[in-house]
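Participant: my questions concern the predicted model and sequence given below.
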Number of protein chains: 2
Amino acid sequence: MFAVGIDIGGMSIKIGLVDDCGKIIAQSYFKTENTPCEMIKLMAEHISILINDNSLETKDLIGIGIGCPGSVNVDTGMIEILPNIFGWVKIPIVSKLKKYYDVPIKISNDANVAVLAESLYGAAKNYDNAIMFTLGTGVGGGIILDKKLVEGGHSLGAELGHTTLILEGEECTCGRKGCIERYVSATALIEQTKRAMLSDKNSTMWDFVGGNIDKVDGKTAFESAKKGDLTAKNVCDKYIYYLGESILNMLNIFRPDVFILGGGISAQGKFLTDKLQDYCERFEYGYKMSTRTKIVTAILGNDAGIIGAAALVRQ
Amino acid sequence: MFAVGIDIGGMSIKIGLVDDCGKIIAQSYFKTENTPCEMIKLMAEHISILINDNSLETKDLIGIGIGCPGSVNVDTGMIEILPNIFGWVKIPIVSKLKKYYDVPIKISNDANVAVLAESLYGAAKNYDNAIMFTLGTGVGGGIILDKKLVEGGHSLGAELGHTTLILEGEECTCGRKGCIERYVSATALIEQTKRAMLSDKNSTMWDFVGGNIDKVDGKTAFESAKKGDLTAKNVCDKYIYYLGESILNMLNIFRPDVFILGGGISAQGKFLTDKLQDYCERFEYGYKMSTRTKIVTAILGNDAGIIGAAALVRQ
């Protein structure tokens, strides 16, 4: 049996046919434009083409899963809001898509979908318990306990990025101040990098971006630090400290087998995880008594969206 | 069938016979003194007396549960350390007690046991998902999801008090700085109260403690605030702010049906929970879309230790 995974993103909507080993056997996409109703119709059309092209029928589908970059209500099958995509407010996507395909349809947010994919087929496939941060524009959170996705009541929990790192710290989009997201997201790292560059006009980070501060991204500080730039190294050390403390909070709550880092910054690989592993082992609560949590990076990359969405209907 | 619940405390060890409705039908206790081995023997003797006095036999016992004020390893049945009771380091309590009673024996820490009791028979009995802070010397944490106790890997998680409220804030016993525990435990409230009193020699809090600052306890600020003392009110407002922010972190992670406050400070009841409810509803992530978490106080009081311990063997 096959499952369809739909990954709604700000730029494109990706649709894949996933087998029961978590392998994408076919996929397509269309641009994120038009109204939600038109896009849902397009999703159905793409599913239809994928099924036909692979000589399948609707009865071969176990169901359709959808990962959404925003708040969803799992109970009602409603997308509450996708903050970065115009028009997606209070859209009953499950019932609308069901008019085209009368199969089980489930939704979840994109961070939940990512950790589910990594848990079943990726970085945590050999472990029962995993926690994940997706370090992007914000910080998405995912929780897997006993191989099951934990979304919190009404599927509105697992907002790990919206817990406090520094009370009364930087203002967060959620209305509070000092959330983890404001210190360890890619957005935050870029801000931290820019501030450091403005305070040191001789930093080689300026060369890295061709003198244009608008070109700073999540790699600028890390790549310059690796080449010996001291200001860049200070940015990285501070960022890793923030991230280490944020991860420690989750270890003390969940004591998972693995902690997974996803998003663009996770491309730093062991340069990042070795330092984090060392930091967390020094400060994890009562660590001397326990098997340590392994800190790893995600391995499914952009495919996690489709694979994890498809896995929702296999839970 | 009956279960035995054992509540190990710094002053006494309480032992109760609990029926399958969570009711304590008989209990006894002895003082916390002597060596762990002698105390385990005493536990067995007290169980024997309770069984005989109630015309029961060992075959009427479903098992024995033990709540411990410290770190335990559920997998090995070992008490790792009880920081406040001399001599309890690396004690294989389950295997030792099993020599006297060959029934299923389970252990957990006291905060886990308390939330289990409240979940099954107390403040959260009508709900599936509950999170609890036990506000005492430290801050214990308890997690119930789908009516099941979540202890984290190797049962060393759920240390909700050891997550950050203020990075680089006050030093915590766990080796980090700025943990929730350092701001919302009874110990922290007492420190905050004393500091405020020393800065205001005219505060009526001085009368409340008969001029002796060593008599300050978790009630001093609250009771003086209710009588109109402004300095006391400021202490309470700040404490409630710290507690509100700490609770919000857990709501954003778990979005439970209820959040339970236990420990002596919970005696403040609605004076405390009404303000916290209001604060959390204003700042809970995406709250507009969801049923709100109810913030309540524990109702089983000191019995939660025996009742929850006994419930461990019914999980």
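Facilitator: Okay, I see it.
Participant: okay but residue A:285 is in contact with residue B:161, surely?
Facilitator: No. Residue A:285 lies out of contact with residue B:161 (Cβ atoms under 8 Å); the separation is 9.3 Å. Any C-beta I mention is one placed from the backbone N, CA and C, and that applies to glycine too.
Participant: more neighbours: these two, which one.
Facilitator: Set residue A:285 next to residue B:161 and count neighbours by other Cβ atoms under 10 Å in any protein chain shown: residue B:161 wins out with 27 against 24.
Participant: for the closest residue in space to that one that isn't next to it in sequence, what are its contacts?
Facilitator: With Cβ to Cβ, 6 or more residues apart in numbering or on different chains as the criterion, residue B:161 has its nearest non-adjacent residue at 3.0 Å, and that residue is residue B:139. Going by Cβ atoms under 8 Å, 6 or more residues apart in numbering or on different chains, residue B:139 touches B:133, B:160-161, B:180-181, B:184-185.
Participant: please tell me which one of those counts the most neighbours.
Facilitator: residue B:180 leads the contacts of residue B:139 on contacts (other Cβ under 10 Å) with 31 neighbours.
Participant: look up how far residue A:131 lies from that residue.
Facilitator: Using Cβ to Cβ, to the nearest Å, we find residue B:180 at a distance of 18 Å from residue A:131.
Participant: equivalent analysis for residue A:304, please.
Facilitator: Applying Cβ to Cβ, the value for residue A:304 to residue A:131 is 15 Å.
Participant: check residue A:122 too.
Facilitator: Here residue A:122 is placed at a distance of 14 Å from residue A:131 (Cβ to Cβ).
Participant: any shared contact partners between these two?
Facilitator: Taking Cβ under 8 Å, 6+ apart as the contact rule, residue A:122 and residue A:131 both touch residue A:260.
Participant: quick check: residues of the stretch 51-200 of chain A near chain B?
Facilitator: A:71, A:73, A:80-81, A:129, A:141, A:143, A:145, A:150, A:152-154, A:156-160, A:162-167, A:169, A:174-176 (Cβ under 8 Å from any Cβ of the partner chain).
Participant: ok so, going back, tell me how far the residue nearest to residue B:161 lies from chain A.
Facilitator: According to Cβ to the nearest Cβ, to the nearest Å, residue B:139 and chain A sit 12 Å apart.
Participant: what's opposite that residue in the beta bridge?
Facilitator: Under the criterion DSSP bridges, residue B:139 forms beta bridges with residue B:135.
Participant: residue ranges for the helices of the stretch 151-300 of chain A, please.
Facilitator: Using DSSP state H, counting those that start in this stretch, the helices of the stretch 151-300 of chain A run over residues A:181-184, A:186-199, A:205-208, A:220-226, A:230-254, A:270-283.
Participant: ranking those helices by burial, who's on top?
Facilitator: helix A:181-184 (a mean of 27; mean count of other Cβ atoms under 10 Å in any protein chain shown).
Participant: that older thread, okay, the contacts of residue B:139 in CSV with distance to residue B:47 next?
Facilitator: Rendered in CSV, the data for the contacts of residue B:139 read as follows (distance: Cβ to Cβ, whole Å):
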residue, distance to residue B:47
B:133, 31
B:160, 32
B:161, 32
B:180, 37
B:181, 34
B:184, 36
B:185, 33
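Participant: and which of those residues is nearest residue A:103?
Facilitator: Checking the contacts of residue B:139 against residue A:103 by Cβ to Cβ gives residue B:160 as the nearest, at 39.9 Å.
Participant: now the closest one, nearest residue through space, not along the chain?
Facilitator: With sequence-adjacent residues excluded and distances taken as Cβ to Cβ, 6+ apart, residue B:160 is closest to residue B:141, at 2.7 Å.
Participant: measure how buried that neighbour is and give me the count.
Facilitator: Neighbour tally, residue B:141, other Cβ under 10 Å: 26.
Participant: wait, is residue A:96 part of a strand?
Facilitator: No. Counting by DSSP: H, G, I helix; E, B strand; the rest coil, residue A:96 is not found in a strand; it is helix.
Participant: that one and residue A:42 touch, don't they?
Facilitator: No. Residue A:96 lies out of contact with residue A:42 (Cβ under 8 Å); the separation is 12.0 Å.
Participant: pull up the pairing partners for the worst-scoring helix or strand of chain A on mean pLDDT, direction included.
Facilitator: Least confident helix or strand, chain A: strand A:71-73 with a mean of 88, by mean pLDDT, DSSP states H and E. Using DSSP bridges, strand A:71-73 pairs in its sheet with strand A:78-81 (antiparallel).
Participant: any idea how far the partner strand is from the chain center?
Facilitator: 18 Å (Cα atoms, centre = their mean, to the nearest Å).
Participant: all strands of the stretch 51-200 of chain A, in order?
Facilitator: Along the stretch 51-200 of chain A, counting by DSSP state E, counting those that start in this stretch, strands occupy A:61-68, A:71-73, A:78-81, A:89-91, A:105-109, A:130-135, A:139-145, A:148-149.
Participant: can I get these in JSON lines including distance to residue A:203?
Facilitator: Listed next are the strands of the stretch 51-200 of chain A as JSON lines, based on distance: least, Cβ to Cβ, whole Å:
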{"stretch": "strand A:61-68", "distance to residue A:203": "38"}
{"stretch": "strand A:71-73", "distance to residue A:203": "39"}
{"stretch": "strand A:78-81", "distance to residue A:203": "39"}
{"stretch": "strand A:89-91", "distance to residue A:203": "43"}
{"stretch": "strand A:105-109", "distance to residue A:203": "37"}
{"stretch": "strand A:130-135", "distance to residue A:203": "23"}
{"stretch": "strand A:139-145", "distance to residue A:203": "26"}
{"stretch": "strand A:148-149", "distance to residue A:203": "42"}
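Participant: most tightly surrounded among these?
Facilitator: Ranked by mean neighbour count, the strands of the stretch 51-200 of chain A are led by strand A:130-135 with a mean of 29 (mean count of other Cβ under 10 Å).
Participant: ok and that strand relative to strand A:139-145, angle-wise?
Facilitator: 170 degrees (axes from the mean of the first three to the mean of the last three Cα atoms, to 10 degrees).
Participant: contacts for strand A:130-135?
Facilitator: Here strand A:130-135 has contacts from A:110-111, A:114-115, A:118-119, A:123-124, A:139-144, A:160-161, A:184-186, A:189, A:218, A:243, A:246-247, A:250-251, A:254, A:256-266, A:298, using Cβ under 8 Å, 6+ apart.
Participant: pLDDT of it, averaged?
Facilitator: The average pLDDT for strand A:130-135 rounds to 97.
Participant: now the angle between helix A:186-199 and that strand, please.
Facilitator: Interaxial angle, strand A:130-135 versus helix A:186-199 (the same axes, to 10 degrees): 50 degrees.
Participant: ok, so what distance separates the residue nearest to residue B:161 from residue A:171?
Facilitator: Counting by Cβ to Cβ, the separation of residue B:139 from residue A:171 is 27 Å.
Participant: again with residue A:14
Facilitator: Distance of residue A:14 to residue A:171, given as Cβ to Cβ: 33 Å.
Participant: between these two, which is the more surrounded one?
Facilitator: Applying other Cβ under 10 Å to residue A:14 and residue A:171 shows that residue A:14 carries more neighbours, namely 22 against 12.
Participant: packing partners for whatever helix or strand the more buried one lives in?
Facilitator: When elements are assigned from DSSP states H and E, residue A:14 belongs to strand A:12-18. Where contact means 3 or more Cβ pairs under 8 Å, 6 or more residues apart in numbering or on different chains; DSSP states H and E, strand A:12-18 is packed against strand A:2-8, strand A:24-31, helix A:36-53, helix A:304-312.
Participant: sweet, I'm off.
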